[in-house]
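**Student:** Structure for the following, please:
(2 chains)
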Amino acid sequence: MTAISRDEVAHLAMLARIEMTDSELDHLASEMDVILGAVARVQEVAGQDVPPTSHPLALSNVFRADVVIPSLTPEEALSGAPAKADQRFKVPQILGDAE
Amino acid sequence: MALTFNDAIAKYEPTLGLEVHVELNTLSKMFCGCATEFGAEPNTQTCPVCLGLPGSLPAVNGKAIESSILIGLALNCSIAPFSRFARKNYFYPDMPKNFQTSQFDEPICVNGYLDVEIETDEGMKVFRVEIERVHMEEDTGKSLHVGGATGRIHGAEYSLLDYNRAGIPLVEIVTKIIPGTGKYAPQVARAYVTELRDILRSLGVSDVKMEQGSLRCDANVSLAEIGSGKLGTRSETKNVNSLRSVERAVSGEMVRQANRLEKGERIIQETRHFLEESGETRPGRSKEQAEDYRYFPEPDLVPVTPDADWIETLRATLPEKPSLRRKRLKAEWNVPDKEMTSMVNAELLDTVEETVLLGADPTKARSWWLGEISRLANEKEVAPISLITPAQVAEVIALIAFGDLTDKLARQVVEGVISGEGTPAEVIEKRGLKVVSDDSALMVAIEAAIAAQPDTAERIRGGNIPAAGALIGAVMKATGGQADAAKVRELLLKHLGQS
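**Tutor:** Presented below is the predicted three-dimensional model:
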């Protein structure tokens, strides 16, 4: 029984907007299966006494005060953008015409 | 023959669900210190955190957490002792991080309710709207779609992104399904959003300006045949930007769905956009596959675990509920139902209250704001409060009470203030509008009137009191309308031995 199917990998690729060939999908499906298998072993180690966690530090309620600090200038903000226009980030067509 | 709204409700039972997004009015963003000012130049309020640049780390705005808890408390929710942020993953350029930091299965507030009152055929009736959850998230950037005929996303050649809004604290308030509203569904939806807006405003946690998008409503509507006991497929209508639109969007969607069902067509589960001009909806972005958001707990943020002390401290600061306040003011001011409703609908309750707190009689304050001032405001297409202040109105009302102004003169004073001629005192001074109340000055005018119409004076002396009108009119004319007619009458009749 594999941890992830080829169809699931194809679906993930679609969600991540990564185009993949059939051979890449075959290759990745088996590779990801091995990775997931390795990660799954962690679950064997963590018993009932280990609560699931989403953060390495046992902290909660870490807040900052509601204080404004200077932002980047628009030039700085846009300096890494592949394309820009009118002081805005320019991105390609978002949805196809068909949709 | 297309079904009308009445046809639709005769056969189908609507079920509502409302999602309201409210931008908090914190000074800084949810996870970074960028300012949140509305209408700033594009991309002037961004930083590595809200632009999702590599290596940046979010830090939670404590004020936003407090505001979220306050909202939950005001909506009778339980505050979760343990709550976490989650990443909602999607590829859409309105979030440069490629995910939105939101909450998923561990929202900060759950299981509340809000009672709304609407007018039904059987009088005022309360509908309880149950709240499923209140969760925290961040707003997205603003997209401008360029090219294509309509400025819509479909057919656009490219899009331009402004990330000033990305990361502004956003609270989403989700109702449970609201059954049993029948033909009142549109009014219930509107009343709910109205009441919610009033509560949020009273809490001071948001600007709640629907026209600026700081309060946004998505309306879920489905229809099922009456008595079928089933739930129909729902549509979700977005872009509903005013209270009136909430009502129109729900009724429009009910009619659209009824017509589809009547033709044997199925309702597609989809996002639709409300069209302000026609009151109709059109299909929006397809959600079929976008639903796969692969939520997981945000590893860069620690949990939020409000303890009872903190919650109770916040609960103690809750203001009077708007619905209770309305009831209290209605009783204190002795206002009939209908007038109370007009005052609330005209959004003049705060203004009238302020005027009353400055010493004005409630009935007079209400009548000025809803009457003359609203009339002038309508002519100019502005809000009444932008024309004149409650203090100025209270001053005018006081001057009438002291007998310094008649109602007629007071209208001129108000008109003068609104035309920018200055304060009431300045307008009175400039236009010379003071009531002539000095008895000796009035007596001069009265004697002159008697001298001019001796026959009339004789008839009054003989007991013909109604004839006094002619002389009073002459005095009013002579004083330029600035005398108090009742006072003139009193002096005149006394002078002619009739009182």
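**Student:** interface residues of the stretch 1-150 of chain B facing chain A?
**Tutor:** When proximity is defined as C-beta under 8 Å from any C-beta of the partner chain, the stretch 1-150 of chain B approaches chain A at B:26-28, B:32-35, B:41-48, B:51, B:53, B:59-65, B:82, B:84, B:89, B:91-93, B:96, B:143-145. Backbone N, C-alpha and C define where each C-beta goes, glycine included.
**Student:** These in helices, which ones?
**Tutor:** Taking DSSP state H as the definition of helices, the residues of the stretch 1-150 of chain B next to chain A contribute B:62-65.
**Student:** Out of the residues you listed, who's the most crowded?
**Tutor:** For these, the largest neighbour count, defined by other C-beta atoms under 10 Å in any protein chain shown, is 25 neighbours, found at residue B:64.
**Student:** List the buried residues for the helix ranked longest in chain A?
**Tutor:** The single longest helix within chain A, with elements called by DSSP H, is helix A:22-45. If you call a residue buried by 16 or more other C-beta atoms under 10 Å in any protein chain shown, then helix A:22-45 has these buried ones: A:28-29, A:32-33.
**Student:** Report how many residues lie close to residue 56.
**Tutor:** Just going to use chain A. Neighbours of residue A:56 using other C-beta under 10 Å come to 8.
**Student:** Hmm, no, I was thinking of chain B.
**Tutor:** 15.
**Student:** Grab the nearest non-local neighbour of it.
**Tutor:** If the residues on either side of it in the chain are set aside, residue B:56 comes closest to residue B:48, at 3.9 Å by C-beta to C-beta, 6 or more residues apart in numbering or on different chains.
**Student:** ok, that neighbour touching residue B:34?
**Tutor:** No: counting by C-beta atoms under 8 Å, residue B:48 does not reach residue B:34; the two are 10.2 Å apart.
**Student:** Please say which of those two ends up with more neighbours.
**Tutor:** Taking other C-beta under 10 Å, residue B:48 and residue B:34 do not tie; residue B:34 has more neighbours (27 against 15).
**Student:** Provide a list of residues in contact with the more buried one.
**Tutor:** Residue B:34 sits next to A:68-69, A:71, B:28, B:45-47, B:49-50, B:167 when contact means C-beta atoms under 8 Å, 6 or more residues apart in numbering or on different chains.
**Student:** Next: residue B:277.
**Tutor:** Listed by C-beta under 8 Å, 6+ apart, the contact set of residue B:277 is empty.
**Student:** Contacts only, for residue 62.
**Tutor:** Picking chain A for this. Here residue A:62 is in contact with B:59-60, B:301-302 (C-beta under 8 Å, 6+ apart).
**Student:** meant chain B, my bad for not saying
**Tutor:** A:63-66.
**Student:** what's the most distant pair in those residues?
**Tutor:** Put simply, by C-beta to C-beta the two of the contacts of residue B:62 set farthest apart are A:63 and A:66, 9.2 Å from each other.
**Student:** Overlap of the contact sets of these two?
**Tutor:** Contacts common to residue A:63 and residue A:66, judged by C-beta under 8 Å, 6+ apart, are B:61-62.
**Student:** okay, the two: which has more neighbours?
**Tutor:** Neighbours were counted for residue A:63 and for residue A:66 using other C-beta under 10 Å; residue A:66 has more, 19 against 15.
**Student:** In space, what's closest to the more buried one - neighbours in sequence excluded?
**Tutor:** Nearest to residue A:66 is residue B:63, by C-beta to C-beta, 6+ apart, at 3.7 Å.
**Student:** Check the gap between the residue nearest to residue A:65 when sequence neighbours are not counted and residue B:72 for me.
**Tutor:** In this structure, residue A:65 finds its nearest non-sequential neighbour in residue B:62, 6.4 Å apart by C-beta to C-beta, 6+ apart. Applying C-beta to C-beta, to the nearest Å, the value for residue B:62 to residue B:72 is 16 Å.
**Student:** Which stretches in chain A count as strands?
**Tutor:** Taking DSSP state E, the strands of chain A run over residues A:63-64, A:84-85, A:88-92.
**Student:** Identify whichever of those lies nearest to residue B:120.
**Tutor:** strand A:63-64 (45.3 Å).
**Student:** Pull the most distant pair out of the buried residues of helix A:22-45.
**Tutor:** Across these, no pair lies farther apart than A:28 and A:33, at 9.3 Å, counting by C-beta to C-beta.
**Student:** Buried ones from the residues of the stretch 1-150 of chain B next to chain A, can you make that a ChimeraX selection?
**Tutor:** Remark: buried members of the residues of the stretch 1-150 of chain B next to chain A, expressed as a ChimeraX selection using 16+ other C-beta under 10 Å:
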select /B:26,28,32,33,34,35,42,43,44,45,46,47,51,59,60,61,62,63,64,65,84,89,92,93,96,143,144,145
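**Student:** Strands - which of the residues of the stretch 1-150 of chain B next to chain A land there?
**Tutor:** B:60-61, B:89, B:143-145.
**Student:** Around chain B, which positions in chain A sit nearby?
**Tutor:** Proximity of chain A to chain B is confined to A:11, A:14-17, A:54-55, A:57, A:59-69, A:71-74, A:77-78, A:80, A:85-95, A:97, A:99 under the rule C-beta under 8 Å from any C-beta.
**Student:** so of these, which ones are in helices?
**Tutor:** Those of these lying in helices (DSSP H): A:11, A:14-15, A:74, A:77-78.
**Student:** will you turn these into a markdown table that also has neighbour count?
**Tutor:** Listed next are these as a markdown table, based on neighbours: other C-beta atoms under 10 Å in any protein chain shown:
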| residue | neighbour count |
| --- | --- |
| A:11 | 13 |
| A:14 | 14 |
| A:15 | 16 |
| A:74 | 19 |
| A:77 | 26 |
| A:78 | 21 |
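**Student:** and of those residues, the nearest to residue B:137?
**Tutor:** residue A:15 (19.8 Å).
**Student:** tell me the contacts of the closest one?
**Tutor:** B:89, B:91, B:289, B:292, B:294.
**Student:** Just to be sure, the last one is in a strand?
**Tutor:** No: read with DSSP: H, G, I helix; E, B strand; the rest coil, residue B:294 is coil and lies in no strand.
**Student:** how close does the nearest residue to it once chain neighbours are set aside get to residue B:99?
**Tutor:** Once flanking residues are discounted, residue B:294 sits nearest to residue B:89: 4.7 Å by C-beta to C-beta, 6+ apart. Computed as C-beta to C-beta, the residue B:89 to residue B:99 distance reads 5 Å.
**Student:** Looking at the closest residue to chain A within the stretch 251-400 of chain B now. What's its pLDDT?
**Tutor:** Chain A sits closest to residue B:297 of the stretch 251-400 of chain B, with a gap of 3.3 Å, by C-beta to the nearest C-beta. Residue B:297 is assigned a predicted lDDT (pLDDT) of 94.
**Student:** That one contacts residue B:83, doesn't it?
**Tutor:** No: under the criterion of C-beta under 8 Å, residue B:297 makes no contact with residue B:83, lying 10.9 Å away.
**Student:** Neighbour count for these two, which is higher?
**Tutor:** residue B:83 (22 against 18).
**Student:** Specify the beta-bridge partners of that one.
**Tutor:** residue B:304 (DSSP bridges).
**Student:** What pLDDT is listed against it?
**Tutor:** Looking at residue B:83, its pLDDT reads 96.
**Student:** repeat for residue B:289
**Tutor:** 50.
**Student:** so where's chain A shaky on pLDDT?
**Tutor:** For chain A, the stretches with pLDDT under 70 are A:1, A:95-99.
**Student:** again with the stretch 351-499 of chain B
**Tutor:** B:436-438, B:499.
**Student:** Secondary structure element holding residue B:16?
**Tutor:** Secondary structure from DSSP states H and E places residue B:16 in strand B:12-23.
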